[in-house]
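1. Need a 3D model of the following:
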Amino acid sequence: MWWLKSDLDLWSNFQYCENNGCPPGDQFKQAERRQAGGFSASHALFDRWGGFEVENSFGLQARVDHLNPIGLYATSARETLNTVREDKVTQRSLGLWAQNETRWTEWFRSVQGLRADTYDFTVDSDLAANSGKASDHMVTPKLALIFGPWKKTELYLNYGHGFHSNDARGTTIRVDPADGVTPVQAVKPLVRTRGYEVGVRLEFVPGWQSTVSLWQLTAASELLFVGDAGTTEASRPSRRYGVEWTNLYVLSDRLAIDADLAWSHARFRDHDPAVGDYIPGAVTTTANIGLTFDHFGPWYGAIRLRYFGPRPLIENNSVRSQSTKLTNLRAGYRFGQRTQLALDVYNLFDRKANDIEYWYDSQLAGESVPQFDRHIHPSEPRTFRMTLSHQF
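-> Down below sits the predicted model:
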């Protein structure tokens, strides 16, 4: 069981002077005051069915979020000029699941599960047309077949459904809050996804554990970033597939190497030659490689390299982001079993890179018309952080 209370004020200006001129500019504030609570419970039963070992598990999850208010405001120098929209939102969700794992032989077992989720949204908007209630439910099956191990090799097949939820305000919206007149199409509360995966786990040499998997994921609707609003909106259906290779090589009780490498192909499914089928922001290649050391007396630490390859910024792939390569370092000292001191160095080599890149139009104060250009969030420069921890 848990409960949280949070406050958020976020100021942004993605298009500078395009809509309102300078001054005052296009700055806006997103704000929310949230309280949320929930609980989860599960239970497992071990049994034998007809001579087969089985484990049956079932559980319940529930959550309630109350946001009062959640708003979007036009601002200048962080001073509020007017309210674009302000809402009170309550979101409730309940999930029930059951899972059965059966060991059919020494080399074959299956895991099958079923989950049912229901969501309920209540929106009280400052614009009556956008107030209302919406609800949705979804049943998502899952199945895993595991073969092995044979000579430290295991093959597995996975199939399952899932979903992502859309913003509660988007499920009841009827008109554009900017003018209160223009019709707007509401979105479905829940969007189904479906995934497949086939993989093999093996040990090439003693101490080297490796997994290779091929996967595919389809979604009924993508979420895309909208620069002029600083939000995401429901978009076209998509299909992604790729390959992942994960490795852990324990050289000794003091030294280990891990490497996670991935390649993926992401496209919209409803082919549109006029716009393009690339999914903006979908990374094709990634790598995460680390070297960890420990048991050097009281000393321990790690060094890690993170790589994100270039990615399309618009649907026709005519504009692409740069790749990023960042290295982080950690070195620590244990004073005892409960107390330790750690130094983290982020962006060890102080590389100039962009954590985020977008492509959309904006207008600076000295420009007569809007211009399409890259909008970036640069990576943090070399940063040091010292942490002293003690377990009671």
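
2. Could you tell me how far stretch 19-26 lies from the centre of the chain?
-> Relative to its chain's centre, stretch 19-26 lies at 33 Å (Cα atoms, centre = their mean, to the nearest Å).

3. what does that stretch contact?
-> N13, F14, Q15, Y16, C17, E18, A74, S76, L81, D228, A365 (Cβ atoms under 8 Å, 6 or more residues apart in numbering). Glycine gets a C-beta too; all of them are placed from N, C-alpha and C.

4. which among these end up buried?
-> F14, Q15, Y16, C17, E18, A74, S76 (16 or more other Cβ atoms under 10 Å).

5. who are the neighbours in contact with the nearest residue to the fifth one once chain neighbours are set aside?
-> Translated: E18. Using Cβ to Cβ, 6 or more residues apart in numbering and skipping residues adjacent in sequence, the residue nearest E18 is Q363, 4.0 Å away. Residues in contact with Q363, defined by Cβ under 8 Å, 6+ apart, are Q15, Y16, C17, E18, V369, P370, Q371.

6. give me that answer again for 6 Å
-> Residues in contact with Q363 (Cβ atoms under 6 Å, 6 or more residues apart in numbering) are Y16, C17, E18, P370.

7. between these, which is nearest V319?
-> Using Cβ to Cβ, P370 comes nearest to V319 of these, at 16.0 Å.

8. re the thing from before, just the buried ones among the contacts of stretch 19-26 now: which is nearest K325?
-> Using Cβ to Cβ, the buried ones among the contacts of stretch 19-26 come closest to K325 at F14, 26.6 Å.

9. Please report phi then psi for the residue most central in space within the chain.
-> In the chain, the C-alpha nearest the mean C-alpha coordinate belongs to H164, at 10.5 Å (Cα atoms, centre = their mean). Backbone geometry at H164, expressed as degrees, to the nearest 10, gives phi -130, psi 150.

10. Now do the same for the nearest residue to it once chain neighbours are set aside: helix, strand or coil?
-> Leaving aside its sequence neighbours, H164 sits nearest to V191 (Cβ to Cβ, 6+ apart; 5.4 Å). State at V191, reduced to three classes by DSSP: H, G, I helix; E, B strand; the rest coil: strand.

11. Report the helix or strand with the lowest average pLDDT across the chain.
-> Within the chain, confidence by mean pLDDT, DSSP states H and E is lowest for strand 223-226 among all helices and strands, at a mean of 64.

12. quick one: the helices in the stretch 51-200 of the chain?
-> Using DSSP state H, counting those that start in this stretch, the helices of the stretch 51-200 of the chain run over 168-172.

13. shaky segments in it?
-> Low-confidence segments of the stretch 51-200 of the chain, defined by pLDDT under 70, are absent.

14. residue ranges of the strands in it, please?
-> 52-76, 79-103, 108-125, 132-150, 153-165, 190-203 (DSSP state E, counting those that start in this stretch).

15. what about those, which gets the closest to P378?
-> strand 52-76 (23.5 Å).

16. what packs against the closest one?
-> Helices and strands touching strand 52-76, by 3 or more Cβ pairs under 6 Å, 6 or more residues apart in numbering; DSSP states H and E, are strand 28-49, strand 79-103.

17. tell me, how many neighbours does the residue nearest to D253 when sequence neighbours are not counted end up with?
-> Nearest non-adjacent residue to D253, counting by Cβ to Cβ, 6+ apart: H295, 5.8 Å away. Using other Cβ atoms under 10 Å, H295 has 11 neighbouring residues.

18. which of the residues in the one helix or strand H295 maps to are buried?
-> Taking DSSP states H and E as the definition, H295 sits inside strand 285-296. Buried residues in strand 285-296, counted by 16+ other Cβ under 10 Å: T286, A287, I289, G290, T292, F293.

19. Equivalent analysis for stretch 348-358, please.
-> In stretch 348-358, the ones that count as buried by 16+ other Cβ under 10 Å are L348, N354, E357, Y358.

20. Also stretch 191-202?
-> Applying 16+ other Cβ under 10 Å to stretch 191-202 flags V191, T193, R194, G195, E197, G199, R201, L202 as buried.

21. my guess is the second one meets A219, correct?
-> In this case it means T193. Yes. Using Cβ atoms under 6 Å, T193 is in contact with A219, at 4.7 Å.

22. ok, back up a step: please report how far the residue nearest to the centre of the chain lies from F392.
-> The gap separating H164 from F392 is 39 Å, by Cβ to Cβ, to the nearest Å.

23. again with D167
-> 41 Å.

24. Which one of those two is surrounded by more residues?
-> A count of neighbours by other Cβ under 10 Å puts D167 above the other of D167 and F392, at 19 against 3.

25. Determine how far stretch 88-101 lies from the middle of the whole chain.
-> 19 Å.
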